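Here is my input; please provide its structure:
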Amino acid sequence: MRKREFWESEEGLQLAELWARDGEDDRAIARRMRVPERTLLRWKRAGGPLGEALRRGRNAAWEVESALLHKATGYDKPVKKAFKVKTVSYDPETGKKVQEKEELQTAEEEMHVPGNTTAQVFWLKNRRPDRWRDRPAPSAEQEEDDGLFEALAEAVEREV
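The predicted model follows:
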């Protein structure tokens, strides 16, 4: 079986789509397929099923990223709410209550969903790990360990 035939088979298309969904670029996908990058680009331009599989995989990744950003930043959404409407009829001559009627009606209201802090932390740590990781990497400006703490510990032990 020729390489192109394999990569246009169901199994090959699933692999290519998974790699694209995982964020692999064309160079990495071509390397995994064991074909030159130019060959992959030519196959994609031909408009066959391979190009569509790669597009589907990348779109899925973008949808997840967009959903995470949407959840992290907060959004407004319409919400249907039910409420009771009460109508009372009075006799015009006596002024007494003749009829009382209640009915349930619905209306839409805009509700703001605030940003999710867990999604915000996840977004920041993955977009800028150099600035937002839990334990920042030591910078070159920080002094190296000069053994001060060990020397103090030894001095305390000697006195005891």
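
Could you pull out the helices in this protein for me?
Per DSSP state H, the chain carries helices over the ranges 3-7, 10-21, 26-33, 37-45, 49-73, 117-127, 129-132, 148-159.

now the most centrally placed residue in the chain: how far from residue 7?
Closest residue to the average C-alpha location of the chain: residue 68 at 2.5 Å, with Cα atoms, centre = their mean. Counting by Cβ to Cβ, to the nearest Å, the gap from residue 68 to residue 7 is 31 Å. Backbone N, C-alpha and C define where each C-beta goes, glycine included.

contact partners of stretch 105-122?
68, 71-85, 132 (Cβ atoms under 8 Å, 6 or more residues apart in numbering).

Low-confidence stretches in the protein?
1, 136-146, 148, 159-160 (pLDDT under 70).

go with 50
Under the criterion pLDDT under 50, no range of the chain is flagged.

Can you give me the domain assignment for it?
3-73, 75-113 (automatic domain parsing).

most packed of those?
Among the domains of the chain, ranked by average contacts under mean count of other Cβ atoms under 10 Å, first place goes to domain 3-73 (a mean of 15).

starting at the chain centroid, how far to that one?
19 Å (Cα atoms, centre = their mean, to the nearest Å).

OK, contacts around the residue nearest to the centre of the chain?
Residue 68 neighbours (Cβ under 8 Å, 6+ apart): 119, 122, 123.

for residue 36, same thing?
residue 30.

Tell me how far it lies from residue 131.
37 Å.

Give me the contact list for stretch 43-63.
Against stretch 43-63 from outside (Cβ under 8 Å, 6+ apart): 4, 7-8, 12-14, 16-23, 26, 29.

now, which of these sits nearest residue 95?
Nearest to residue 95 among those, counting by Cβ to Cβ, is residue 21 at 72.7 Å.

Residue 96 is in contact with residue 90, correct?
Yes. Contact criterion Cβ atoms under 8 Å: residue 90 and residue 96 qualify, at 6.7 Å.

Good, wrapping up.
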